[in-house]
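Peer 1: generate coordinates for the sequence data below:
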Amino acid sequence: MAEMIPPYIHKDIKSAAERKIFELIKRDSFLSDCTCFHSLGLARHERKIYGEIDFVLLWKGGIYCLEVKGGGIRRERGVWVFSDRYGKEYYKREGPFRQVSSAMFSLKKDLETKFGSFIGNVLMGYGVLFPDIEFTKDSPEWDRDIIYNLSDRIYPFSDYIKKLVFYWRKKCTNVKENIGKEIIEKIKNYIRGDFEIIVPLWVKIKDTEKEILKLTKNQYRALDRMAVNPRVFFRGPAGTGKTLLVLEQAKRISAQNKKVLTLCFNSLLGKKLEDAVKGIENYNLIHARTIHKFFYEFIKKGNFFENFAKEIERKNTNDIYNKIYPKYFIKSFESGKYPKYDCLIVDEGQDILRENFFLPLDFILEGGLEHGQWYIFYDSNNQGDLYRNFDANLVNKLRNFGGTDYYLDINCRNSKSIAIQTAVVSGFDMAETTIQCGTKVVYLWYKNLSNQKNQIADLITKLIDDQEVSTEDITILYPGGSEKIKESLLEMNLNIDIAELTAKNINSPKGNTIYICSIQAYKGLENKVIVIAGINQMEGNWVDTLNYIGMSRAKELLYVFIDDIMHKSFKNKVKKYLERTV
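Peer 2: This next block holds a predicted model:
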């Protein structure tokens, strides 16, 4: 059997004659060392914009171009008329012999351009096949020895090829040797070799980014719809654009000449917001801080800072941030005359929604929480488990003040693949995403920290060197509190710098540097490519929350490194997801 390329005849080929010849060539055992190309296009035809050869046979005996003409045929006053099985006629000034000969010479010229003059020593010939009729006409324009007729179909197709080879060897006496295997492979790979050209990751990232921008603009409709409501809970899972809406709302409210206080819990997100509001036209009316930085600044300029400084020396960390800061903020505010804010906007509200944080905010908001203007953006999944600050009773009280709920149900950050895999590993539901052009999530398994470190180093090298991904588009995350994981990541041997992401460098990253950060500290942030290291737990609300936050930070590409011992737990997660969704 000959090697057919392609291995089947396409359904769009209507010619029954071509189908017959295809099967005859394919089934002939004598042609087992022959490669047959069906329907070979010629982009550089010598006389046409584009030409085509029905069959090209390549083997040690040479290269042979075959033209197949099914149905009936006649010539009238120099014009060729071909009729199909339905009696429909087609007129051509060029006959099949001229057609295939010019195609053969075009192919020969193309091969000489590619491989050099030695192609002139390769035997090339052509033949014309009439499998439905007996073509017995003589003419100086063709030789009957290169014709295949209806009567030839009772014999192996290789008999015709042998006759064709004998004819062209006799005609081309300068060609004496067969083609070597190495040359055959080169010609074969050039004519129609296998190849795969992968779309670079940076192109995929760019395409996905365009989809994200479209969706992000659509999210602004949420603010339009709730414009008449002075107190609103905007709640939605990770990726629904809450931080972008926070900034947009601050922009809209400040445009009304109102003073806006924008708060969050995480220091990195707080620094990001501080920098972002500087790009807003009325930024002087917007005060963006983490809640504890805001408390501290008030306390520092009040009358009780010395008492505050002494008290925090004697308390544990939880008491300092949860009790001492709010207490001294209220004392400082009450002891002086400070202007109030016209509007309060809270990002990542699930980390702040507790009474000891919100009671102080009641003092500084014009009209208080009951009558003032406020907008709280928070995750409807259990992110509150991370810091255990979320208080459902407080949310109900605020609803009694007229707080209206608006559910953000479109994920404008994560591709479908990232959203699904985040839901699988965390057990949390993700908002529907219409971003279809992302790349699938890659899970990698490590045996120990050294093995993980080496794998991540290899991955980073490939992303930067092979896929041309920018270092600023990559962030490596790890579970906070895992100092050994952090140290191993900082020790990676790469041609680029690895540094820890901090409030000092988040808005001014160094070039040629990839930053690492704990998942907890990266809450509310995102990047195009996220690499998560050190996943060694998959059970429990706190762990689920951590994995949910980490994986949902990725906009386009997500790589997750999981401890080898977690295979069973991972399978259980997949099973639970399928049970939940099906």
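
Peer 1: rest of the way, CA atoms for contacts and neighbours
Peer 2: Fine.

Peer 1: could you list the low-pLDDT ranges of this structure?
Peer 2: Where the chain drops to pLDDT under 70, the residues are 12, 47, 85, 176-177, 194-218, 380-389, 435-438.

Peer 1: residues in contact with the residue lying farthest from the centre of the chain?
Peer 2: Going by CA atoms, centre = their mean, the residue of the chain most distant from its centre is D138, 62.5 Å out. Applying CA atoms under 8 Å, 6 or more residues apart in numbering to D138 gives the contacts R144.

Peer 1: for the one 4 residues further on, same thing?
Peer 2: Residues in contact with W142, defined by CA under 8 Å, 6+ apart, are F97.

Peer 1: where's it relative to G127, distance?
Peer 2: Distance of W142 to G127, given as CA to CA, to the nearest Å: 10 Å.

Peer 1: shared neighbours, the two?
Peer 2: Common neighbours of W142 and G127 (CA under 8 Å, 6+ apart) are F97.

Peer 1: return the distance of stretch 237-250 from the chain's centre.
Peer 2: Centre-to-centre, stretch 237-250 and its host chain are 23 Å apart (CA atoms, centre = their mean, to the nearest Å).

Peer 1: mind listing residues that contact it?
Peer 2: 216, 219-220, 223, 234, 236, 260, 262, 273, 276-277, 286, 345-348, 377-381, 408-414, 429-431, 524, 549, 552-553.

Peer 1: and these, which of them are in strands?
Peer 2: F234, V260, T262, I286, I345, V346, F377, Y378, I410, N411 (DSSP state E).

Peer 1: tally of neighbours for Y167?
Peer 2: Counted by other CA atoms under 10 Å, the residues lying close to Y167 total 15.

Peer 1: element containing L269?
Peer 2: Per DSSP states H and E: L269 is located in helix 267-277.

Peer 1: got the buried residues for that helix?
Peer 2: S267, L268, L269, G270, K271, K272, L273, E274, V277 (16 or more other CA atoms under 10 Å).

Peer 1: go ahead and name everything in contact with it.
Peer 2: For helix 267-277, using CA under 8 Å, 6+ apart, the contacting residues are 247, 263-264, 283, 286-290, 502-503, 506-507, 521-525.

Peer 1: over to stretch 342-358?
Peer 2: 242-243, 246, 250, 253, 258-265, 322-323, 326, 365-366, 372-379, 383-384, 387-391, 394-395, 524.

Peer 1: hang on, the earlier thing: just the buried members of the contacts of helix 267-277?
Peer 2: Counted by 16+ other CA under 10 Å, these give 247, 263-264, 283, 286-290, 502, 506-507, 521-525 as buried.

Peer 1: whichever of the contacts of stretch 237-250 end up buried, select them in ChimeraX.
Peer 2: Entered in ChimeraX, the line below selects the buried ones among these, by 16+ other CA under 10 Å:
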select :216,219,223,234,236,260,262,273,277,286,345,346,347,348,377,378,379,380,381,408,409,410,411,412,413,414,429,430,431,524,549,552,553
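
Peer 1: which phi and psi does N174 have?
Peer 2: With angles defined as degrees, to the nearest 10, N174 sits at phi -70, psi -20.

Peer 1: that one: how many residues sit nearby?
Peer 2: 12.

Peer 1: residue contacts, it?
Peer 2: Contacts of N174 (CA under 8 Å, 6+ apart): N121.

Peer 1: what count of nearby residues applies to H10?
Peer 2: Residues near H10, counting by other CA under 10 Å: 11.

Peer 1: show me the helices in the stretch 201-350 of the chain, by range?
Peer 2: 201-219, 221-225, 242-254, 267-277, 291-300, 305-313, 317-319, 325-335 (DSSP state H, counting those that start in this stretch).

Peer 1: next, the angle helix 291-300 makes with the last one.
Peer 2: Taking axes from the mean of the first three to the mean of the last three CA atoms, to 10 degrees, one finds that helix 325-335 is oriented at 40 degrees with respect to helix 291-300.

Peer 1: any chance you could list what contacts helix 325-335?
Peer 2: 292, 295-296, 298-299, 302-304, 308, 356-357, 360, 363.

Peer 1: quick one: that helix to helix 305-313, angle?
Peer 2: 170 degrees.

Peer 1: chain center to helix 325-335, what's the gap?
Peer 2: Distance, centroid of helix 325-335 to centroid of chain: 49 Å (CA atoms, centre = their mean).

Peer 1: pull out the buried positions in that helix.
Peer 2: Y325, P326, K327, Y328, F329, I330, K331, S332, F333.

Peer 1: the fifth one too?
Peer 2: Going by neighbour count (16+ other CA under 10 Å), the buried part of helix 291-300 is I291, H292, K293, F294, F295, Y296, F298, I299, K300.

Peer 1: likewise the second one?
Peer 2: For helix 221-225, the neighbour count (16+ other CA under 10 Å) marks L223 as buried.

Peer 1: how far is that helix from where the chain is centred?
Peer 2: 29 Å.

Peer 1: go on, the third one?
Peer 2: Going by CA atoms, centre = their mean, the spacing between the C-alpha centre of helix 242-254 and its chain's C-alpha centre is 28 Å.

Peer 1: before we move on, the earlier item: nearest to Y148 among the contacts of helix 325-335?
Peer 2: The nearest member of the contacts of helix 325-335 to Y148, counting by CA to CA, is H292 at 90.2 Å.

Peer 1: ok, now which ones touch that closest one?
Peer 2: So H292 contacts F265, Y321, Y325 (CA under 8 Å, 6+ apart).

Peer 1: what's the spacing between it and L150?
Peer 2: Counting by CA to CA, the gap from H292 to L150 is 92 Å.

Peer 1: now N541: how far from V425?
Peer 2: For N541, the distance to V425 - CA to CA - is 12 Å.

Peer 1: more neighbours: these two, which one.
Peer 2: Comparing N541 with V425 by other CA under 10 Å, the one with more neighbours is V425, at 24 against 15.

Peer 1: helix or strand for the more buried one, which one?
Peer 2: helix 416-426.

Peer 1: quick check: next helix or strand after that helix?
Peer 2: Toward the C-terminus from helix 416-426 - assigned by DSSP H and E - lies strand 432-433.

Peer 1: ok, the buried residues of helix 267-277 vs N121, which is closest?
Peer 2: After measuring the buried residues of helix 267-277 against N121 - CA to CA - the closest member comes out as K272, at 70.2 Å.
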